[in-house]
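Visitor: Predicted model follows, preceded by the sequence.
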Amino acid sequence: MLETKRKRKRNNKKRILRYSLITALLIAAMVGGYSVYLIKAQKPLYITPLSQNFSFSQGTHEDKNLNLVKKEFEKLHLPILKITADADSYHVFLSDKSEIFFSSKKDINSQLASLQLILTRLTMEGKLYNKLDLRFDKPVITLRK
């Protein structure tokens, strides 16, 4: 009887040692796999011929204007579907199926200020519009019927 208790204790110790060794190996494998994943994720999948400091100088002015237009429309709580940029104008499509045209050759801030004024006046008068064209000296407003 005494001998069986000793065997049980030895067997229990061996089991505990095996389980702890297996869990240590599993944890080490998981940590190793995760570190390999992180190293692979940091490397780019391609090599670029451009330097890291390279920037396109031609499109940055248009991008700044487009970002400014998007911010102003967010301030006015007007949801934009999409914005298209042509050689001389920006075309803004709103979610209520109305369209607004801006000139890229004129100051965008003055056009946005006149847009705010026009929208407040139309709201006060209770009129809805289909198109607002701010490319000209006098804006063209097409009202809904």
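Guide: Nice, thanks for sending it over. From a predicted model like this one, the values you see are computed outputs, not experimental measurements.

Visitor: From the centre of the protein outward, give me the first residue you hit.
Guide: Among the residues of the chain, Asn67 comes closest to the average C-alpha position under Cα atoms, centre = their mean, at 12.5 Å.

Visitor: and the chain, what are its domains?
Guide: As assigned by automatic domain parsing, the chain contains the domains 1-43, 60-143.

Visitor: Make JSON lines from those domains and add mean pLDDT to it.
Guide: Listed next are the domains of the chain as JSON lines, based on pLDDT from 0 to 100:
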{"stretch": "domain 1-43", "mean pLDDT": "86"}
{"stretch": "domain 60-143", "mean pLDDT": "87"}
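
Visitor: Which stretch among the ones you listed is buried most, on average?
Guide: Stretch with highest mean neighbour count among the domains of the chain: domain 60-143 (a mean of 14; mean count of other Cβ atoms under 10 Å). Backbone N, C-alpha and C define where each C-beta goes, glycine included.

Visitor: all helices for the protein, in order.
Guide: With DSSP state H as the criterion, the chain has helices at 2-42, 60-75, 108-125.

Visitor: Could you dump those helices into JSON lines and include distance to Thr142?
Guide: What follows is those, written out as JSON lines (distance: least, Cβ to Cβ, whole Å):
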{"stretch": "helix 2-42", "distance to Thr142": "51"}
{"stretch": "helix 60-75", "distance to Thr142": "19"}
{"stretch": "helix 108-125", "distance to Thr142": "12"}
